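**Q** Fold the following and give me the result.
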Amino acid sequence: MSNYRAGDIIRLTREYVGMSREELSDGICSPQTLYRLELGKTRVKKDLYARLMAKMERVPEKNYAVCVGKNMELLEERELLEDAMRDYDYEKADEYLKKLKEKADDNLITKQYVLKAEALLDYYCKRSDGEETIKKLEKAIRITLPDYEKCLQKKFPFTEQEIMNLMSLANAFAHTAKYDKAIAIYWKLLECLDMEYILGEYVEHMKMIIMRNLSLTYFLIEKNEEALKLNERCLELAKDNNEGREYHILLSDKAAIILEQIEKGERDGKDIELAKKYLRQSYYLAAARGDDKSAEIYRKAYEEKMGGSICMIY
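**A** Numbering: from 1, shown residues only. Okay, here's the model as predicted:
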């Protein structure tokens with residue numbers, strides 16, 4: 001999980017709600033103390049942080065950890081749930097979500113996480129459609145961001161979990177052909193991460209995942225050049241951060257974009273060799289990592305789109 005610059009979060013939230021330092025600090029601390037807190041020159045104590053955030057009508061929790069609460073076992077259930085969802089094993093994911101819900105306490109962050117996971121699983125298991133999923137995701141988001149639409153219009157310090165929740169909402173918009181809404185959210189989240197109030201390696205991972213979804217959305221609306229540029233940026237991030245699983249997925253995305261460009265007459269037909277190369281690389285990288293499900297998907301895609309066997313030496 002990520003770390004946060006508490007002073008930056010206080011300052012950005014204060015600017016968002018339109019309060020001066022004098023207004024926010026009144027009855028809590030001196031304006032000078034608040035100034036030093038925002039600059040990071042004074043350590044922010046938990047109680048003081050909570051009072052400042054509560055006055056701005058924001059979640060008064062300095063600890064942004066997902067699913068900690070009273071029971072640390074929730075972290076293990078969360079990891080198992082997310083691993084199952086990444087592997088498209090929704091039956092197992094359902095089991096882990098049920099256990100997580102049984103152990104969960106009343107922590108708002110945990111409640112938000114559970115609602116989001118439930119909304120996504122219901123969609124993946126075809127228990128709800130796209131429109132219903134959007135409503136469920138918005139309900140989860142509003143637990144900590146009751147005015148999330150307004151937050152997206154300005155600079156706002158979203159937490160890691162809020163960023164991932166909003167990305168899921170953007171994905172749902174894309175799946176229901178609300179492409180403009182999806183694209184606007186993706187760009188806003190990338191702008192948010194560039195404000196550097198969130199620290200840690202996971203920030204680069206979040207950027208890559210958001211950019212990948214943005215690239216796929218551009219691909220869906222046939223803006224292939226924009227899709228390819230974002231894909232190449234994602235590949236750089238995946239390589240720099242040793243994200244092997246994401247790297248082979250991104251290579252397969254690149255192959256699909258190139259094939260679409262050839263079909264649309266946007267690039268030379270000879271470039272099909274590039275597409276073949278990237279799809280073969282996706283297959284071999286997935287196989288080397290023991291990701292048999294992905295490898296099988298790439299093998300079938302190669303044989304359907306390229307003809308011949310992917311297992312040819314190149």
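**Q** can you tell me which residues contact Met206?
**A** Applying C-beta atoms under 8 Å, 6 or more residues apart in numbering, we find Met206 in contact with Glu160, Ile163, Met164, Leu189, Leu193. All C-beta atoms are positioned from the backbone trio N, CA, C, and that covers glycine.
**Q** Tell me which helix or strand it sits in.
**A** helix 202-220 (DSSP states H and E).
**Q** Which elements pack onto the helix or strand following that helix?
**A** Proceeding N to C from helix 202-220, the next assigned helix or strand is helix 224-240, under DSSP H and E. If contacts are counted by 3 or more C-beta pairs under 8 Å, 6 or more residues apart in numbering; DSSP states H and E, helix 224-240 sits against helix 202-220, helix 244-263.
**Q** Let me see the mean pLDDT of the helix holding Met206.
**A** Averaging pLDDT along helix 202-220 gives 96.
**Q** what's the distance between that helix and the middle of its chain?
**A** Distance, stretch centre to chain centre, for helix 202-220: 8 Å (C-alpha atoms, centre = their mean, to the nearest Å).
**Q** which regions of the stretch 1-150 of the chain lie under the pLDDT threshold?
**A** For the stretch 1-150 of the chain, residues meeting the criterion pLDDT under 70 lie at 1-2, 61-73.
**Q** Excluding chain neighbours, what is closest to Leu52?
**A** Ile10 (5.7 Å; C-beta to C-beta, 6 or more residues apart in numbering).
**Q** no wait, Ala238
**A** Ala238's closest residue in space is Tyr247 (C-beta to C-beta, 6+ apart), at 4.3 Å.
**Q** so who does that neighbour touch?
**A** Leu235, Ala238, Lys239, Leu285.
**Q** how far out from the middle of the chain is stretch 211-229?
**A** Worked out by C-alpha atoms, centre = their mean, stretch 211-229 lies 16 Å from the chain centre.
**Q** Give the buried residues for that stretch.
**A** For stretch 211-229, burial by neighbour count (16 or more other C-beta atoms under 10 Å) applies to 211-219, 223-224, 227-228.
**Q** Adding distance to Tyr49 as columns, could you present these in TSV?
**A** Output for these, formatted as TSV (distance: C-beta to C-beta, whole Å):
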residue	distance to Tyr49
Met211	31
Arg212	34
Asn213	32
Leu214	33
Ser215	37
Leu216	38
Thr217	36
Tyr218	39
Phe219	42
Lys223	42
Asn224	46
Ala227	41
Leu228	43
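**Q** Just the closest of the residues you listed to Ser294, please.
**A** Arg212 (14.7 Å; C-beta to C-beta).
**Q** on contacts alone, who are the packing partners of the helix or strand containing Tyr284?
**A** For Tyr284, the host element (DSSP H and E) is helix 272-288. On a contact count with 3+ C-beta pairs under 8 Å, 6+ apart, helix 272-288 meets helix 244-263, helix 292-305.
**Q** How about the residue nearest to the spatial centre of the chain: what's its closest non-neighbour residue?
**A** For the chain, Met164 is the residue whose C-alpha lies nearest the centre (C-alpha atoms, centre = their mean; 3.6 Å). Among residues not flanking Met164 along the chain, Met206 sits closest, at 7.2 Å (C-beta to C-beta, 6+ apart).
**Q** looking at this, Gln153 is in a strand?
**A** No - under DSSP: H, G, I helix; E, B strand; the rest coil, Gln153 falls outside any strand and is assigned coil.
**Q** That one and Glu191, how far apart?
**A** To Glu191, Gln153 is 12 Å away according to C-beta to C-beta, to the nearest Å.
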